[in-house]
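>>> 3D model of this:
(4 chains)
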There are 2 protein chains.
Amino acid sequence: MDTEPHTERQDATRFVPLFTYLRLFKNIPSADVDVIQQELSYRSLAEGDYLLKEGSIATNLFFICDGVVRIVTQNEQGRELTHYFLKENQLVTILDSFNRGVPARESIRAACPTQVIVLPKRSLLLLYDRFPYLKELIDKLTQQTLLYKIQIRNAYLGEDAMTRYQQFLIRQPEIALRVSLQSIASYLGITQQSLSRIRRNSF
Amino acid sequence: MDTEPHTERQDATRFVPLFTYLRLFKNIPSADVDVIQQELSYRSLAEGDYLLKEGSIATNLFFICDGVVRIVTQNEQGRELTHYFLKENQLVTILDSFNRGVPARESIRAACPTQVIVLPKRSLLLLYDRFPYLKELIDKLTQQTLLYKIQIRNAYLGEDAMTRYQQFLIRQPEIALRVSLQSIASYLGITQQSLSRIRRNSF
DNA sequence: AGTTTCATTTACCAAATGGTAAAAACGGAA
DNA sequence: TTCCGTTTTTACCATTTGGTAAATGAAACT
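Modelled structure (predicted):
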């Protein structure tokens, strides 16, 4: 239930996973890494902590070093719905809020203990100016994430609850093992009671 | 049931809607328009015609001048599921197939009589070289479309069938009026019988 | 160990949805 | 117009899912 940024900057080795990941797609000179690192910070989250709250404006892009986050909203009845799970080595923000500066209609919450690197929008804009390839890279990765979100949702279309759960176990087993059952139920569009029943009848 | 490209090139006025649309976001010099037009063609589709079939490779980007298309797949039981509806003034392709040259896992089908402008990938790559702003513009519009798809799907999450239908009527009324009920049912994840029942009880 | 708190499972019943099949409505072609 | 093929509606019943509430289980704290 914590929104305060327990930001830490001291230890540069913490930023390694980000550059390791980015270098899968594009070589980044060490000199550039040094500059980019100056702009980064690090946050540790407990399950339930918020990275961003619905209604506020996304001013950061996050890179998940370890853990799982959920993109969530409250529906009219006050029930929390999980739109997506994202895990380590993925970039996360609420894109339309980040791009256009409008209030986010979704929140970002840790689904288990999670560590993230924080890339402030302000810093990114400076870095984009200095390293144009960085914008291109981040745009490409952002598009990949959007495509991934769509694909994974489409896989559940038209399937009944039990099939959706089995698909989930196959497609995202690492997540299934780490997050609460009510998160999974709200992600699959069923109640926790139904999920429990399904698990009993699956074995 | 027609996949053959009834392509027509003759009448340049047919391409006007594309440029009118693009110019909402970025001014395009008339001289450039002349060059770009050389690469375009035009196709008319009847309801049910395919723009792209699952398993083949997306080599074109389409701009919908008029009408509605559905992004669809067959599930294991052979039932056709509608992932998305897209209407006039939207760009359509199967993005991961188009980008990476892999077989598409979805088909694109006209949901009513539809006219599209065809932008071949080969031509686009040439044009991107000559007009770098064009790549930037198309990338931006592509991202917008992805975001739109995600947002509209999220709105249905966790809602029951009747609420999903009412949301659909509110959010996409122009589409509701033009496409078959079985398309809508498969889009909302219900049977046509259920949709019929819901309509009776709505009025 | 005992207590508290929270997550998960179970049970029961009501409501929603699916499946099959038949009837009705619609649209196009002769 | 009539006929034909397709789409939509209806009806019936079986199955799935939701809602409420209580029981169980697991983890954290004293």
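
>>> For chain A, list the residues in contact with DNA strand D, please.
A:D160, A:A161, A:M162, A:G189, A:I190, A:T191, A:Q193, A:S194, A:R197, A:I198 (Cβ under 7 Å from any atom of the strand). Quick note: C-beta positions are derived from backbone N, CA and C, even for glycine.

>>> Near DNA strand C, list only the ones from those.
Answer for the residues of chain A next to DNA strand D near DNA strand C (Cβ under 7 Å from any atom of the strand): A:Q193, A:R197.

>>> what helices or strands is the helix or strand harbouring A:D139 leaning on?
Using DSSP states H and E, A:D139 maps to helix A:132-154. If contacts are counted by 3 or more Cβ pairs under 8 Å, 6 or more residues apart in numbering or on different chains; DSSP states H and E, helix A:132-154 sits against strand A:80-87, strand A:91-92, helix A:121-130, helix B:95-100, helix B:132-154.

>>> centre of the chain versus the fourth one, how much separation?
Read that as helix B:95-100. Averaging C-alpha positions (Cα atoms, centre = their mean, to the nearest Å) puts helix B:95-100 15 Å from its chain's average.

>>> I would like the residues contacting that helix, please.
Contact with helix B:95-100 is made by A:143, A:147, A:151, B:52, B:57-61, B:102-105, B:121, B:142, B:146, as judged by Cβ atoms under 8 Å, 6 or more residues apart in numbering or on different chains.

>>> Pull out the buried residues from the residues of chain A next to DNA strand D.
Buried subset of the residues of chain A next to DNA strand D (neighbour count, 16 or more other Cβ atoms under 10 Å in any protein chain shown): A:A161, A:M162, A:G189, A:I190, A:I198.

>>> In helices, which of those appear?
Secondary structure from DSSP state H places A:A161, A:M162, A:I198 of these in helices.

>>> okay if I get those as JSON lines plus distance to B:A12 and pLDDT?
Formatted as JSON lines, those follow (distance: Cβ to Cβ, whole Å; pLDDT from 0 to 100):
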{"residue": "A:A161", "distance to B:A12": "53", "pLDDT": "95"}
{"residue": "A:M162", "distance to B:A12": "55", "pLDDT": "95"}
{"residue": "A:I198", "distance to B:A12": "58", "pLDDT": "96"}
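
>>> so which of those comes closest to B:L181?
Comparing these against B:L181 with Cβ to Cβ places A:A161 closest, at 24.5 Å.
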